[in-house]
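Asker: Turn this into a structure:
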Amino acid sequence: MSRPSTADPDEQGIDVPPYFLCPISLQIMRDPVTLPTGITYEREAIDEWIFSKKEERRPTCPVTMQPLAVDGGELTPNHTLRRLIQAWCVAHASHGVERFPTPRPPLDKAQIAKLLNEGRGTRSQMQASFRKLRLIVDESERNRRCAEAAGAPDFLVSVVRMSTVSCPSSDEEKSTSGWWNEESTGDCLQEALRILHSLQISPRAWSELMVRNPGLVELLTAVLKRGDYQPRAFATFLLNSIFQALEPHNLLNPKEDLFVELVKVVRDKISHKATKVALRGLSRLCAWGRNHIKAADAGGVRVLVELLLDETDKNMCDRVLVLLDQLCGCAEGRAELLGHPAGLALVSKKILRVSPLATERAVRVLHSVSRFSATPAVVQEMMQVGIVSKLCLLLQVNCGSKIRERAKEVLRLHAGVWKNSPCIHAQLLASYPTHH
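Answerer: Below is the predicted model of the structure:
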């Protein structure tokens, strides 16, 4: 919440009438609005309060706790109080208090609906509409919810569909189309995706939007197949929002090309944020059904190992190892890890070097490999790249009981090969667990 453009009256030794102060922000109100409960607030503060409760059917008045309309439609401008505050500011101008300007009337749904209708015209009208809508959406949370209520998400999805699916396929169709050309279509697609992302739609609103727009996941997957980085990044952000909104049973059977394209986003390193969000989305998907197999078949393990090779960001390493642990829960994922020349060595290297979470997930990966994929060659490799020594070291440090138990189990599984190996330092061998 930003302060009004006045000097701090308290610092100037001025007593501010208490009814000039917003009960939420405790600052002088610039645009006071009154609720049906009789309590007056700064518009921006009460808007933020109402929209922060957007997942609730009926938010409440912060002071009286009486129910309010979820769209903030019950806010009545308190012009009398605003004029009193402005007059008070003028009267105390000698103390450095500046009079703030009369606020602009807030946007309503009808104004935004008109703007959306203008965007359904020619290409230039659509582009002009996008420019205005982008400024509106970026200005405030209230504007975003107003745009959502006016139907902006459905309009933007229709533009994405028109730009992605319904493009003319032949040169003849392109030459006869008054709307389409490759450059302008790409611009409209990118802007529609950007504004849709900026709307910050709630999970419940996403669920409702998907009911009205079947095939939205497939549509955004089609955007990922395009070569343009920005649309792919925005499509990744939107897909992750959808995954968070969907119930688990709706995440059980996504198409294989969705995994292929999300893995490509990670591989191509479109941006640091896009990589993180793609990892988060894949992890959300891989928690359900056989999706981890689809991600492994899409080449996910190799891409994750390559990402670990030169990644220094701890949070990114955590995300990579969380997903790698999920993919190594299937035979396909473990085979991909073992097929990479640096796979096991890289996982081992992250133990005790990144974070407790990274250590836990790395040990889980090694535990899966040692239990289900430990051929004689793999057992020898685990010793040669230092995994056995690292697991013995874990037993000597404070790393958490679950990690220690997994490390012990791995060491016991192959004690016949590892326990008396000259490759392990005597101090580490002293901590080697015995069979029960």
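
Asker: which ones are touching Gln326?
Answerer: By Cβ atoms under 8 Å, 6 or more residues apart in numbering, the contact set of Gln326 is 283, 286-287, 292, 295, 333. Every C-beta, even on glycine, is put in place using the N, C-alpha and C of the backbone.

Asker: Which pLDDT value belongs to it?
Answerer: With respect to pLDDT, Gln326 has a value of 98.

Asker: so how far is Leu309 from it?
Answerer: Here the distance between Gln326 and Leu309 works out to 20 Å (Cβ to Cβ, to the nearest Å).

Asker: Gly281 contacts Val263, correct?
Answerer: No. Counting by Cβ atoms under 8 Å, Gly281 stays clear of Val263, with 10.8 Å between them.

Asker: in the stretch 1-150 of the chain, which spans are helices?
Answerer: With helices called from DSSP state H, counting those that start in this stretch, the stretch 1-150 of the chain shows them at 43-52, 79-91, 109-118, 123-139, 141-149.

Asker: Now for His197: which residues touch it?
Answerer: Applying Cβ under 8 Å, 6+ apart, we find His197 in contact with 234, 237-238, 241.

Asker: Give the next helix or strand downstream of whichever strand or helix holds Met382.
Answerer: Assigned by DSSP states H and E, Met382 belongs to helix 376-384. Counting by DSSP H and E, the element after helix 376-384 in chain order, helix or strand, is helix 387-394.

Asker: Residues in contact with that next one: which ones?
Answerer: Contact with helix 387-394 is made by 344, 348, 351-352, 359, 363, 366, 382, 403-404, 407, 410-411, 418, 421, 423-425, 428-429, 431-432, as judged by Cβ under 8 Å, 6+ apart.

Asker: Show me how to select, in PyMOL, the buried members of those residues.
Answerer: Applying 16 or more other Cβ atoms under 10 Å to the contacts of helix 387-394, the buried members can be selected in PyMOL as follows:
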select buried, resi 344+348+351+352+359+363+366+382+403+404+407+410+411+418+424+428+429+431+432
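
Asker: quick one: which of the contacts of helix 387-394 sit in helices?
Answerer: Residues of those located in helices (DSSP state H): 344, 348, 359, 363, 366, 382, 403-404, 407, 410-411, 418, 428-429.

Asker: pLDDT and distance to Ala45 added to the residues you listed, as a markdown table?
Answerer: Converted to a markdown table, those look like this (pLDDT from 0 to 100; distance: Cβ to Cβ, whole Å):
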| residue | pLDDT | distance to Ala45 |
| --- | --- | --- |
| Leu344 | 96 | 55 |
| Ser348 | 95 | 52 |
| Thr359 | 95 | 44 |
| Val363 | 96 | 48 |
| Leu366 | 97 | 52 |
| Met382 | 94 | 59 |
| Ile403 | 92 | 46 |
| Arg404 | 90 | 50 |
| Ala407 | 92 | 52 |
| Val410 | 92 | 55 |
| Leu411 | 90 | 58 |
| Trp418 | 84 | 63 |
| Leu428 | 67 | 60 |
| Leu429 | 67 | 64 |
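
Asker: Closest one of those residues to Arg319?
Answerer: Using Cβ to Cβ, Thr359 is the member of these that sits closest to Arg319, with 14.6 Å.

Asker: tell me the contacts of the closest residue to that closest one other than its chain neighbours?
Answerer: Of all residues not flanking Thr359 in the chain, Ile351 sits nearest, at 5.1 Å (Cβ to Cβ, 6 or more residues apart in numbering). Shown in contact with Ile351 (Cβ under 8 Å, 6+ apart): 358-359, 362-363, 390, 394.

Asker: Closest to Arg30 out of those?
Answerer: The nearest member of these to Arg30, counting by Cβ to Cβ, is Ala358 at 47.6 Å.

Asker: neighbours around the closest one, how many?
Answerer: Number of residues near Ala358 (other Cβ atoms under 10 Å) recorded here: 23.

Asker: what about it, distance to Lys350?
Answerer: For Ala358, the distance to Lys350 (Cβ to Cβ) stands at 5 Å.

Asker: Report the contact partners of the closest residue to Pro23 other than its chain neighbours.
Answerer: Of all residues not flanking Pro23 in the chain, Val63 sits nearest, at 5.6 Å (Cβ to Cβ, 6+ apart). Under the criterion of Cβ under 8 Å, 6+ apart, the contact partners of Val63 comprise 23, 37, 39.

Asker: Take these and lay them out in CSV including distance to Ile50 and pLDDT.
Answerer: Shown next, in CSV, are the contacts of Val63 (distance: Cβ to Cβ, whole Å; pLDDT from 0 to 100):
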residue, distance to Ile50, pLDDT
Pro23, 14, 95
Thr37, 13, 92
Ile39, 13, 95
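
Asker: Among those residues, find me the one that's closest to Arg371.
Answerer: Pro23 (59.2 Å).

Asker: Looks like that closest one contacts Ile39 (just checking).
Answerer: Yes. At 6.6 Å, Pro23 counts as touching Ile39 under the criterion of Cβ under 8 Å.
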